[in-house]
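1. sharing a model that was predicted from the sequence below.
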Amino acid sequence: MNFLSIDTSVYSTSVAVTQDYQLKAELTSNESQSHSEKIIEHIDKVLNLSQMTLQDMDCFVCTFGPGSFTGLRIGASTIKGFAQIFDKPIIGISVLEAMAYSVPNKGGLLCPMIDAQRDQVYSGWYRWEEQKVTRLLEEGIYSVEELLRRADKQSETLIFLGNGLGKFKGKESLEKRENTVLLPEMFYPIKASHLGALAVEKYRQQEDCYTWQNFEPKYFRKSQAEIQREKRMKGE
């Protein structure tokens, strides 16, 4: 099975072509250009490196959130266009699940976090079980205080990663907590090759499988523009 995977969920752009679990080509960049300026160029380069075409793909893979509203829309619209043209399915991957998957299986609870503004983070907790990451805490928006309370109740090692770590500065320091590991930036942002690897089993199980007609980003919250529009409609 050939997969073209893309991620534009936050500030980086990542594209990969994989054949089952084998990586054929990958390109990840964090440049000043916008996702819309980079994504097609990256896809062309990765296809050339892999000596494949879009027609060779059996499935298209894309992160559906959480992340930047604009970035998620660019990724979704790109992958939906390919899926429609070539009549192929889409596998949607959670950004948080992909972050957890990037951590080697060495035990402990995996706690990916993405900055959600307003002293909050997007998070969901995972654990490696039988060669796959299994969700233990439902993905959603959590306050720093709530995650700290949940961490206090855990006896096993907690492994935190992601740009949401910055929200804990000035709070109770995670570095001083026992059984706590803070991973460096190399484990974030997302690598599209991880999306391709996650997609293999999802495709086989028809899990998180969509068509171009029903694949949409999951924003977890309303955008600031939507909030302001609702306020105007209410006359606030």
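-> Nice, thanks for sending it over. Residues are numbered from 1 along each chain as shown.

2. quick one: contacts of the strand or helix carrying residue 110?
-> In this assignment (DSSP states H and E), residue 110 forms part of strand 109-115. Identification of contacts with strand 109-115 by CB atoms under 8 Å, 6 or more residues apart in numbering yields 10, 66-67, 95-96, 99-100, 103, 121-128, 133, 136, 147, 151, 154, 156-167, 188. Where you see a C-beta, it was placed from the backbone N, CA and C, and this is true even at glycine.

3. what about residue 142, how many residues nearby?
-> Residues within reach of residue 142, counting by other CB atoms under 10 Å, total 22.

4. go ahead and confirm it touches residue 123.
-> Yes - at 5.2 Å, residue 142 counts as touching residue 123 under the criterion of CB atoms under 8 Å.

5. for the longest helix seen in the chain, what is the distance to the chain centroid?
-> Assignment by DSSP state H gives helix 69-86 as the longest helix of the chain. Chain-centre distance of helix 69-86: 15 Å, with CA atoms, centre = their mean, to the nearest Å.

6. name the helices or strands packed onto that helix?
-> strand 2-7, helix 35-50, strand 59-65, strand 90-94 (3 or more CB pairs under 8 Å, 6 or more residues apart in numbering; DSSP states H and E).

7. okay, which residue is most central for this structure?
-> The centroid of the chain falls nearest to residue 95 when counting by CA atoms, centre = their mean (1.6 Å).

8. contacts for the following helix or strand past the strand holding residue 110 next, please.
-> Later in the chain than strand 109-115, the nearest helix or strand by DSSP H and E is strand 120-123. For strand 120-123, the external contacting residues (CB under 8 Å, 6+ apart) are 66-67, 95-96, 111-116, 137, 139-144, 147, 162, 164, 167, 220.

9. I'd like the next helix or strand past strand 120-123.
-> Scanning forward in sequence from strand 120-123 by DSSP H and E, the next helix or strand is strand 126-129.

10. alpha carbons only: can I get the helix or strand that that following strand is followed by in PDB?
-> Sequence-wise, the next helix or strand downstream of strand 126-129 (DSSP H and E) is strand 132-135. Extracted in PDB, the C-alpha atoms of strand 132-135 (Å, rounded to 0.1, in the frame of the first residue of the first chain):
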ATOM      1  CA  LYS A 132       0.500   0.700  19.200                       C
ATOM      2  CA  VAL A 133      -0.300   3.800  21.100                       C
ATOM      3  CA  THR A 134      -3.600   3.600  23.000                       C
ATOM      4  CA  ARG A 135      -5.400   6.700  24.200                       C
END
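
11. sorry, back to before: to residue 81, which of the helices and strands packed on helix 69-86 lies closest?
-> Residue 81 lies closest to strand 59-65 among the helices and strands packed on helix 69-86, at 9.5 Å (CB to CB).

12. tell me what angle the closest one forms with helix 69-86.
-> Orientation of strand 59-65 against helix 69-86 (axes from the mean of the first three to the mean of the last three CA atoms, to 10 degrees) gives an angle of 160 degrees.

13. packing partners of strand 59-65?
-> Short answer (3+ CB pairs under 8 Å, 6+ apart): strand 59-65 packs on strand 2-7, helix 69-86, strand 90-94, helix 95-101, helix 192-205.

14. helices and strands around the shortest one, which ones?
-> When contacts are defined as 3+ CB pairs under 8 Å, 6+ apart, strand 90-94 sits against strand 59-65, helix 69-86, helix 192-205, strand 209-210.
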